[in-house]
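Peer 1: Could you look at this predicted model? Sequence included:
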Amino acid sequence: MEESRDSRVKRFLTSNGMVILGFIFILCLIALLAVGLVQNKAQSENFKYGIVFDAGSSHTTMYIYKWSAEKVNDTGLVYEIEACKVKGRGIASYRNLQEIPVYMSQCMGRAKDVIPRFKHQETPVYLGATAGMRLLRFDNKELVEKILSSVSSLFKSYPFNFQGARIISDAEEGSYGWITINYLLGRLKEKHSPKSLFWRKNESQSTYGALDLGGASTQITFVPVNETHTSSEMLKHFRLYGRNYTVFTHSYLCFGKDQALLWKMARNATQLQSDLLLEPCFHPGYTTTMATRKLYGSYCSRKFNNLDQGDTIRIQGTGNFLECQRSILELFNASFCNTYDCVFDSVHVPPIWGKFGAFSAYYYTMSFLNLTSEDVSSEEMVTRKMEEFCSTPWAVVNTTFADVNKKYLSEYCFSGTYVLTLLQKLGFTEYWNQIEFLNKINGYAEAGWSLGYMLNLTNMIPAELPPPKPFSRPTYITLMVFFSLLLAVVFILGSVIFQKSSHFWK
Ligand SMILES: Nc1ccn([C@@H]2O[C@H](COP(=O)(O)OP(=O)(O)OP(=O)(O)O)[C@@H](O)[C@H]2O)c(=O)n1
Ligand SMILES: [Ca+2]
């Protein structure tokens, strides 16, 4: 009788213990899954794509960007997967509109191959045109409209989500270039560490300034300090990832590399007695001819038009760095300046400070001349290199760099001297070592306005910081370990009880 009561109690305890343990086991399993799911809810990869055509004055490039839709709020996760150079020159030089499909279709075809077919319809396509089209707009607004509408109709015939083709403003070009480099360098979303809170007043000091040198215009954009002389038109305000930024941005039309060269030669050609222009910025032994229609055909060089000249002029290099720099300096007119320090084109640039990223022709030129290394820390070093390079006979340059594009090669003496002079005029004389010449940043994407443009139009940089993850990493790990251990304990306990009970039943 005693024994049977004992066994009833044991049986009761065993069966209820098993139920309770089973219950705890299921709870732990649910908790473990819930913590894992909540934390990693957005981790499954769903890629998105975006296409931007950078229609510059010298040429057009199509960039394809790719990013994980769920991880988009993390810095630096948008990367460039394709850069396709459109054949021919910049869109502003298109005269035969029938040719537009011939030029653009190759890159659009590439986009169709690179982007998975089921993503085509949702992939936005943007075209932004810069200084070449701004210059054309002065002369022929109608042609500008025709070019943009031909490009638009072509793009609409593709399966992508076409979002428009337009001329972007000076301020957009500078600001988006600034956003691109700071986004890629991870400067916009630095952690709010106690140190950064301490330095809160100067928090935007951690951003890089942006220097872009194109074919027809150049931009400088940075966060100035204590600047009271800058006109409010040149200051732009952004709120990115919960922080306010006020940047100074200015674009100098005609101060791009190609237009500055044309302008300089046109200016020098006014004093010619014959059709021969001796050009100090070309190597000795270099000769070429140029149609006067081309020399004076641009908005930037037109005012020097010398009607007495024939259809062409002959150009002969003399390879003299000092003369070259002197003639470049004449382009920079400071005559409008009055009270404050000011630079060319009558624009007051706030005092330079902090780090700068220099890209486009700044980078192409300095990387060709081997002057991008951190060891090149002063203007004197660049000057010495330019003196030597400009005086090198063209025949030597041409054979030494046989595989370099001839147009670029013939102009690197000018480009290097121009970059040096432009940076001096912008106020970098004492700050040469603050400049980093950048191309593809951290392997993600090329520096330039196009990525910033897309980030903005797709609302990928929120004004406010995204909400933090539900659990911090240590809490997440602790919870996972705790529930896993509990699960193991419950499992072991359950097995022991089960074994004992089955023994008992026997
Ligand atoms: N390897 C290269 C590539 C380009 N260039 C020169 O760099 C200049 C600027 O190129 P880019 O930045 O592409 O200018 P665009 O965007 O076309 O011009 P903009 O921004 O003024 O519209 C051009 O004059 C081009 O001749 C160069 O010297 N070496
Ligand atoms: Ca450009």
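Peer 2: Noted; the coordinates are in hand. Residues are numbered from 1 along each chain as shown. Ligands and ions are numbered 1, 2, ... in the order given.
Peer 1: Write out the residues of the stretch 101-250 of the chain neighbouring ligand 1.
Peer 2: 130-132, 214-217 (CB under 6 Å from any ligand atom). No exception for glycine: its C-beta is placed from N, CA and C like everyone else's.
Peer 1: Strands along the stretch 351-500 of the chain, start to end?
Peer 2: With DSSP state E, counting those that start in this stretch as the criterion, the stretch 351-500 of the chain has strands at 356-360, 435-437, 440-441, 445-446.
Peer 1: Flag the shaky bits of the stretch 301-450 of the chain, pLDDT-wise.
Peer 2: Along the stretch 301-450 of the chain, the parts satisfying pLDDT under 70 run over 334-343, 345.
Peer 1: So which residues on it come close to ligand 1?
Peer 2: Near ligand 1, the residues belonging to the stretch 301-450 of the chain are 360-361, 364-365, 408, 415 when assessed by CB under 6 Å from any ligand atom.
Peer 1: Go through those and say which is closest to ligand 2.
Peer 2: residue 360 (5.5 Å; CB to the ion).
Peer 1: Buried deepest among the strands of the stretch 351-500 of the chain, which one?
Peer 2: Mean neighbour count (mean count of other CB atoms under 10 Å) peaks for strand 356-360 among those, with a mean of 25.
Peer 1: Now do that one: distance to the chain's middle.
Peer 2: 10 Å (CA atoms, centre = their mean, to the nearest Å).
Peer 1: what pairs with that strand, and is each one parallel or antiparallel?
Peer 2: strand 209-213 (parallel), strand 435-437 (parallel) (DSSP bridges).
Peer 1: Dump those strands to CSV, plus distance to residue 388.
Peer 2: CSV is the format used below for the strands paired with strand 356-360 (distance: least, CB to CB, whole Å):
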stretch, distance to residue 388
strand 209-213, 22
strand 435-437, 20
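Peer 1: related to what we said a few turns ago, nearest to residue 447 among the residues of the stretch 101-250 of the chain next to ligand 1?
Peer 2: residue 214 (12.4 Å; CB to CB).
Peer 1: Could you tell me the phi and psi values at the closest one?
Peer 2: phi -100, psi -160 (degrees, to the nearest 10).
Peer 1: And the pLDDT at the closest residue to it other than its chain neighbours?
Peer 2: Excluding the flanking residues, the one nearest residue 214 by CB to CB, 6 or more residues apart in numbering is residue 256, at 4.5 Å. For residue 256, the pLDDT comes out at 97.
Peer 1: Enumerate every residue touching residue 256.
Peer 2: Residue 256 makes contacts with 57, 131, 213-218, 361, as judged by CB atoms under 8 Å, 6 or more residues apart in numbering.
Peer 1: try residue 444
Peer 2: With the criterion set at CB under 8 Å, 6+ apart, residue 444 makes contact with 76, 78-80, 184.
Peer 1: go on, residue 284?
Peer 2: 317-319, 391, 393-394.
Peer 1: mind running it again at 10 Å?
Peer 2: 316-320, 390-397 (CB atoms under 10 Å, 6 or more residues apart in numbering).
Peer 1: what about the residue of the stretch 151-300 of the chain found nearest ligand 2, how many neighbours?
Peer 2: When scored by CB to the ion, the stretch 151-300 of the chain has residue 214 as its residue closest to ligand 2, at 3.6 Å. By other CB atoms under 10 Å, the residues close to residue 214 number 27.
Peer 1: distance of it from residue 441?
Peer 2: 18 Å (CB to CB, to the nearest Å).
Peer 1: With residue 377 instead?
Peer 2: Residue 377 is 21 Å from residue 441, by CB to CB.
Peer 1: Are we agreed that residue 63 is in a strand?
Peer 2: Yes: assignment of residue 63 by DSSP: H, G, I helix; E, B strand; the rest coil places it within a strand.
Peer 1: my guess is it contacts residue 52, does it?
Peer 2: Yes: Residue 63 lies in contact with residue 52 (CB atoms under 10 Å); the separation is 5.0 Å.
Peer 1: Now for those two: what residues contact both?
Peer 2: 80, 126, 448, 450-451, 453-454.
Peer 1: Of those, just say which sits nearest to residue 296.
Peer 2: Looking across those and measuring by CB to CB, the closest to residue 296 is residue 448, at 30.2 Å.
Peer 1: Look at the closest one and say how many residues are nearby.
Peer 2: Residue 448, neighbours per other CB under 10 Å, totals 27.
Peer 1: what's the answer for the one 10 residues further on, then?
Peer 2: Other residues lying near residue 458 total 17 when counted by other CB under 10 Å.
Peer 1: any idea how far residue 163 is from it?
Peer 2: Residue 458 is 9 Å from residue 163, where distance means CB to CB.
Peer 1: Kindly report the residues of the protein close to ligand 2.
Peer 2: 56, 214 (CB under 5 Å from the ion).
Peer 1: surely residue 387 meets residue 321?
Peer 2: Yes: if you go by CB under 10 Å, residue 387 and residue 321 touch, sitting 4.4 Å apart.
Peer 1: More neighbours: which of those two?
Peer 2: Comparing residue 387 with residue 321 by other CB under 10 Å, the one with more neighbours is residue 321, at 22 against 16.
Peer 1: the helices in the stretch 151-300 of the chain, which residues?
Peer 2: 170-184, 194-198, 257-269, 292-295 (DSSP state H, counting those that start in this stretch).
Peer 1: Mean pLDDT lowest where, among those helices?
Peer 2: Taking the mean pLDDT of those, helix 194-198 comes last: a mean of 39.
Peer 1: what is in contact with residue 387 and residue 321 at once?
Peer 2: With CB under 10 Å, 6+ apart, residue 387 and residue 321 have common neighbours residue 417.
Peer 1: just to revisit the earlier point, now, among the contacts of residue 444, which is nearest to ligand 1?
Peer 2: residue 80 (15.2 Å; CB to the nearest ligand atom).
Peer 1: Count the neighbours of whichever residue of the stretch 51-200 of the chain sits closest to ligand 1 for me.
Peer 2: In the stretch 51-200 of the chain, the residue found nearest to ligand 1 is residue 56; the distance is 2.3 Å by CB to the nearest ligand atom. For residue 56, the neighbour count with other CB under 10 Å is 27.
Peer 1: Assess the claim that residue 255 and residue 170 are in contact.
Peer 2: No: with contact defined as CB under 10 Å, residue 255 does not reach residue 170; the gap is 11.7 Å.
Peer 1: Looking at the two, which one has more neighbours?
Peer 2: residue 255 (24 against 18).
Peer 1: For beta bridges, what are the partners of the residue nearest to that one when sequence neighbours are not counted?
Peer 2: Leaving aside its sequence neighbours, residue 255 sits nearest to residue 218 (CB to CB, 6+ apart; 4.7 Å). On the basis of DSSP bridges, residue 218 is bridged to residue 213, residue 252.
Peer 1: got the contact list for residue 218?
Peer 2: 131, 173-174, 211-212, 250-257, 259-260, 360-362, 418-419, 422, 426 are the contacts of residue 218 under CB under 10 Å, 6+ apart.
Peer 1: show me where the stretch 351-500 of the chain has helices.
Peer 2: 361-368, 379-391, 394-400, 406-426, 449-457, 473-505.
Peer 1: Nearest to residue 308 among the ones you listed would be which one?
Peer 2: Closest to residue 308 of the helices of the stretch 351-500 of the chain is helix 406-426 (CB to CB; 26.0 Å).
Peer 1: in the closest one, what counts as buried?
Peer 2: 409-426 (16 or more other CB atoms under 10 Å).
Peer 1: before we move on, what about stretch 455-468?
Peer 2: Those would be 455-458, 460-461, for stretch 455-468 by 16+ other CB under 10 Å.
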